[in-house]
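Trainee: this one's sequence-less:
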């Protein structure tokens, strides 16, 4: 059978269709990311494309209007090409550039890391993971005939006190020439083995080092991936960049990706390739910008949830989904970059930040380290709401963590006009007392295209304050605003009218959607309360709340407390820590001390399985109101 | 330029000529080994072939007779093909199947290793390098949610007490499935890391192990390579096989190979490939015979002189040849089989037995261990005469080693009718009192084709006893036998006449050759005396002499003492240990205890550099007589 091709407009890109591949997979391989929040199940309608030329058999197109079907639109995920195709991709099907929170909440990607980061003292920096030193090696004589390696080891030991050293074969191959041509003055690069490994001598260069000595820290998120280029000599951040995780085509959340792995023997490899491609792309862009050879990146550290780390390394995450939710490993030994196809130096060690359990991964361990809570006397609550919701409670003496499936609502999933925090997303909402007037702000000030998580929280909070909905999220009959209407399928509230600046459809939120969001916020709050109960503490005991992650960046804390998502404690106790997963990866990359702390934190943290017993379920049901059944828990909410 | 080809008869083999390749290199690539004892310098005349068709430019052919030149003979090493060729290889140019001493002196290759080897006690065996155990891993529950790796490690630690364990990525990839499909009963293979490395979990299989678990011990000799297949479960030897080292085409001894490396940037790779090919060929034959998959070989240990080990691993041996004779490393960390292209399991560890110095390698460390001298009270002298001569003197308290270039005479090199101990080599000689009658025995009882080392020693001894030569090796005028004649270039003795059973040329030994052999024996004896002198001991102090290696197997000790090669101590103190290099590799492969002993021996042995000072030179000059200038050193020699 001759090969089929797809030509894609307006990108003007060309791709060959692999056997058994659907159109979505082919388009993704061309590097164009479509919205496929259902994971290619044909249920979200996000990957709509128009076939201009050629034939394809649409398996189903239930998400498309008759009008769209007439115009030749298909769902790419449901479409199997029967001939070569020419397709148009409408703007709304494409994953726009999302705002990826890189470090301290800044959206830029050239953020200089603070040298006086309180978690990164000088003392800790003095035990780097990937050190580099220049040495004078004593020259051999007939009276001192120790071999080249022996005299190098002797010198390194004398200079550093490191006893357990081991060279790579590549170092041994060039060692005699480098020693002699340099006049016995060489620079060696030492890579700390993780835990059990000896320190590796992985590079030897003549004289004082001239070549670059770089590291890569990566936050492997379910939705977005961020990578940071670090100078291993001094810890300086050179550049940071974020992008979408190309695994999105296999599902929006970890569960759907785990299910996807089970569907086909090759799928685990496909998912691994997708995230490795994502990272390799970031590496290419970072290296291009900084004019750096990828082979000069000599070490990497990856932080992510347990499933993401499994998929990155090609480990099967299947059992994470099945009771009793067992990962292959929480603390995975360092591997070589070449073992997973990461395009940095093939011999570079790639460490994974250790996790706690199947649902509390290295990203959270990183967050605990970066928040400083594991060294603090005060009781700290750490909250990271991303595609999943993870929370940690504790101080220097104890740590308890839990994970709740907050559902995709906060990322715009399962909401008709929901979207991620990208261009045109309504991120701030105010509603007048009678519910008749709505003011909003969008990401980038663009015409509203939908509503993102922070906008949804504002929306619920103000609908309640305006008396449009009751405590359970049901629309009140007495709210006499024209914005509340029955669309035939149920009652909804119109946030923005078609005809308003630059939009051609009403942006609405329905009662069903409001209740979805209430369920999400209830899950988070119930998780927090379950942790508190497990150690017999009350909300008031919390001294500090640390919010992490991309979603947390844009959230209005006052409104989040108002709807009962976050606990009602004084506003000044809330802090935002940015992308603590990436920050933790950077610390693990640079400091042996930090790496050890990360391992200790992962070991020490108790995982609270919320599905065990009925405490969580009781708390969840009590939290299905605005702000809560027990109004006494939210004294500041009138 | 179109490719040139060579068709080779009588093998009827075909090979393409690579650019810049000479005919010898092409023929070697075809798998046909020619005698090239000069290392392709055009000075030994061993690689004579006849060009039947085609054109070639012979660079020089000084070793050929005019008659041979007329018949179209060329030296393959000096011949650059100008067109495609058809060549005939005469029998005498081919390296015949040599007798390779495999273990305890037996020439067979199915020798069962003695289980009660005195150096291999039960206690030592209880710490195997590559262990394999079957375990019941506790199943996870909601109350015990440790990850798969954690529960495996916990179980192994409880069973073995091994604290530092690390899985390979491949093990992690299959671990969850193997655990669950086997009902949590699995067999793990543990590979001892050398020294600094944690113990590696490199295989996990369901239930009690069914798959094979094999190891490979290799003696990498300059001339011959021997490999042994061992069952790692119980230490049983399955099969042994020896062959020529294909590096021979680059020179006969280590020095000429080191020089060869310096001649061309690719040569180091060529030499590495040659020895790896040699070993891979043995692996293929052993596996074929035992019906074993090469991937079931999960570990290897290689023992060889320092240069051979360097070449095996692709390390440049250049500085071993230059004062102060520094190798890259004497104790080289274990590498992966895939790092050098050894065709066993790609992840298998390949250990190199540690050596003492540039000229006392792991083969000698092995010999010291196998001889038991490092644990003995008695003073032992260990002698290994191969292509080079190495000797060790010592006991459990101290060890001193030296190396002398005995020259190639004992292997038939530099002797017109000299040859290795292969089919037709005269290995035993008796000469009647007047020198008129000679009786001899050949290897395999074949018609005499030449004379090998043991035959040469007999010959010198009996020529002296018969009064044909004097103490300096000069022919005595008064010896009135017709076997002594002047051939125009000098005086020679006819060992076998043309016309005797099946030979068409006289087999002779000349005065120059006799003096060559005397120089060789003098170097060995002077080395022994230098070691004794360095610690102020006399020959009589030696309690035991252990002879190792292929040459030692066939030597007549009485005659060797008679000519002053070996010290004159009672015959019963001499023992023969066989291929102690291969035995040492086997022990290092099987026993962690043995590996540790090998490292200790290598560290503890003092290398005596004979070129330093003038003791050796004085001893050498004194030893240039039969048996010695100081006849008092040889009381048993009348």
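Mentor: Arrived safely. Computed from a predicted structure; not experimentally measured.
Trainee: and stretch A:457-471, which residues are buried?
Mentor: Buried residues in stretch A:457-471, counted by 16 or more other CB atoms under 10 Å in any protein chain shown: A:457-466, A:468-469. Bear in mind the C-beta positions are built from the backbone N, C-alpha and C, glycine included.
Trainee: what's the answer for stretch A:491-506, then?
Mentor: Buried residues in stretch A:491-506, counted by 16+ other CB under 10 Å: A:491-496, A:503, A:506.
Trainee: what's the span of that stretch from first residue to last?
Mentor: With CA to CA, to the nearest Å as the measure, stretch A:491-506 spans 14 Å from end to end.
Trainee: Let's test this: mean pLDDT of it, rounded?
Mentor: For stretch A:491-506, the mean per-residue pLDDT is 84.
Trainee: Spell out which residues of the stretch 51-200 of chain A are next to chain B.
Mentor: The stretch 51-200 of chain A has residues A:140-142, A:144-150, A:164-167, A:169, A:172-173, A:175-177, A:180, A:196-198 near chain B, with proximity defined as CB under 8 Å from any CB of the partner chain.
Trainee: what about burial for these, which qualify?
Mentor: A:140, A:145-150, A:165-167, A:169, A:172-173, A:175-177, A:180, A:196-198.
Trainee: Contacts only, for whatever residue of the stretch 251-400 of chain A ends up closest to chain B.
Mentor: As assessed by CB to the nearest CB, chain B sits closest to residue A:329 within the stretch 251-400 of chain A, at 3.7 Å. Going by CB atoms under 8 Å, 6 or more residues apart in numbering or on different chains, residue A:329 touches A:315, B:147-150, B:167, B:172.
Trainee: picking that back up, take the buried ones among the residues of the stretch 51-200 of chain A next to chain B and keep only those in helices.
Mentor: Applying DSSP state H to those, the entries found in helices are A:148-150, A:169, A:172-173, A:175-177, A:180.
Trainee: Tell me the one of those nearest chain B?
Mentor: When these are ranked by distance to chain B (CB to the nearest CB), residue A:149 comes first, at 3.7 Å.
Trainee: Give the buried residues for the helix or strand harbouring residue A:512.
Mentor: Counting by DSSP states H and E, the element that carries residue A:512 is helix A:511-534. Residues A:511, A:513-514, A:516-532 are the ones in helix A:511-534 that count as buried (16+ other CB under 10 Å).
Trainee: show me which of those neighbour chain B.
Mentor: Okay, of the buried residues of helix A:511-534, nothing touches chain B (CB under 8 Å from any CB).
Trainee: Using just helix, strand and coil, how would you label the residue of the stretch 251-400 of chain A closest to chain B?
Mentor: Classification of residue A:329 by DSSP: H, G, I helix; E, B strand; the rest coil places it in coil.
Trainee: Give me the distance between it and residue A:271.
Mentor: Computed as CB to CB, to the nearest Å, the residue A:329 to residue A:271 distance reads 18 Å.
Trainee: What of residue A:222?
Mentor: Distance from residue A:222 to residue A:271, by CB to CB: 11 Å.
Trainee: Likewise for residue A:539?
Mentor: 39 Å.
Trainee: and if you look at residue A:92?
Mentor: The value you get for residue A:92 to residue A:271, if CB to CB is used, is 26 Å.
Trainee: what about those two, which has more around it?
Mentor: Neighbour tally, residue A:92 and residue A:271, criterion other CB atoms under 10 Å in any protein chain shown: the higher count belongs to residue A:271, 27 against 13.
Trainee: ok, that one - contacts?
Mentor: Here residue A:271 is in contact with A:247, A:250, A:257, A:260-261, A:311 (criterion: CB under 8 Å, 6+ apart).
Trainee: ok, back up a step: and the furthest pair within the ones in helices among the buried ones among the residues of the stretch 51-200 of chain A next to chain B?
Mentor: The span of these, defined through CB to CB, is set by A:169 and A:180 at 19.3 Å.
Trainee: one step back: state the pair within the contacts of residue A:329 that is farthest apart.
Mentor: Longest span within those, CB to CB: A:315 and B:150, 14.0 Å.
Trainee: ok, how many other residues are close to the nearest residue to residue A:356 once chain neighbours are set aside?
Mentor: Spatially, and ignoring its direct neighbours in sequence, residue A:356 is nearest to residue A:605 (4.6 Å; CB to CB, 6 or more residues apart in numbering or on different chains). By other CB under 10 Å, 22 other residues sit near residue A:605.
Trainee: What's the separation between residue A:605 and chain B?
Mentor: Note on residue A:605: its distance to chain B, by CB to the nearest CB, to the nearest Å, is 13 Å.
Trainee: Does that residue touch residue A:393 like I think?
Mentor: No: counting by CB atoms under 8 Å, residue A:605 sits too far from residue A:393 to count as a contact (10.1 Å).
Trainee: anything in contact with each of these two?
Mentor: Applying CB under 8 Å, 6+ apart, one finds that residue A:605 and residue A:393 are jointly contacted by A:399-401.
Trainee: how about the strands in the stretch 301-450 of chain A?
Mentor: Applying DSSP state E, counting those that start in this stretch to the stretch 301-450 of chain A gives strands spanning A:335-336, A:349-352, A:380-385, A:389-394, A:399-404, A:425-431, A:438-442, A:450-451.
Trainee: give me every residue that touches the residue nearest in space to the middle of chain A.
Mentor: The centre of chain A sits closest to residue A:221, judged by CA atoms, centre = their mean, with a distance of 2.1 Å. If you count contacts by CB under 8 Å, 6+ apart, residue A:221 has them with A:245, A:304-305, A:308, A:363, A:386-387, A:550, A:581.
Trainee: circling back: okay, the buried residues of stretch A:491-506 in CSV with distance to residue A:370 next?
Mentor: Formatted as CSV, the buried residues of stretch A:491-506 follow (distance: CB to CB, whole Å):
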residue, distance to residue A:370
A:491, 44
A:492, 41
A:493, 39
A:494, 41
A:495, 36
A:496, 38
A:503, 40
A:506, 42
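Trainee: Spatially, which pair of those residues is furthest apart? Let me know, please.
Mentor: Across these, the longest distance by CB to CB is 21.4 Å; it joins A:491 and A:503.
Trainee: now the residue lying closest to residue A:386 once chain neighbours are set aside: how far from residue A:366?
Mentor: The shortest distance from residue A:386 to any non-neighbouring residue, by CB to CB, 6+ apart, is to residue A:549 (4.8 Å). Counting by CB to CB, the gap from residue A:549 to residue A:366 is 11 Å.
Trainee: Spit out the residues that contact the two alike.
Mentor: What both residue A:549 and residue A:366 touch, as defined by CB under 8 Å, 6+ apart, is the set A:580-581.
Trainee: higher neighbour count, those two?
Mentor: Taking neighbours as other CB under 10 Å, residue A:549 and residue A:366 compare with residue A:366 leading, 34 against 26.
Trainee: Show me the helices in the stretch 451-600 of chain A, by range?
Mentor: Per DSSP state H, counting those that start in this stretch, the stretch 451-600 of chain A carries helices over the ranges A:453-465, A:511-534, A:549-554, A:557-562, A:580-590, A:592-604.
Trainee: comparing these, which gets the lowest mean pLDDT score?
Mentor: helix A:549-554 (a mean of 77).
Trainee: For that one, what is the distance to the chain centroid?
Mentor: 11 Å (CA atoms, centre = their mean, to the nearest Å).
Trainee: so where do the helices sit in the stretch 301-450 of chain A?
Mentor: A:306-313, A:318-321, A:337-340, A:362-371.
Trainee: For the stretch 201-350 of chain A, what lies in contact range of chain B?
Mentor: Checking the stretch 201-350 of chain A against chain B by CB under 8 Å from any CB, the hits are A:313-316, A:318-319, A:323-333, A:335, A:339.
Trainee: Now do the contacts for the one residue in the stretch 451-600 of chain A that gets nearest to chain B.
Mentor: The nearest approach of the stretch 451-600 of chain A to chain B comes at residue A:599, 12.7 Å away (CB to the nearest CB). Residues near residue A:599 by CB under 8 Å, 6+ apart: A:195, A:331, A:354.
Trainee: Skip ahead from the helix or strand of chain A with the lowest mean pLDDT and say which helix or strand is next.
Mentor: Least confident helix or strand, chain A: helix A:122-125 with a mean of 45, by mean pLDDT, DSSP states H and E. Sequence-wise, the next helix or strand downstream of helix A:122-125 (DSSP H and E) is strand A:130-136.
Trainee: Cheers, nothing more for now.
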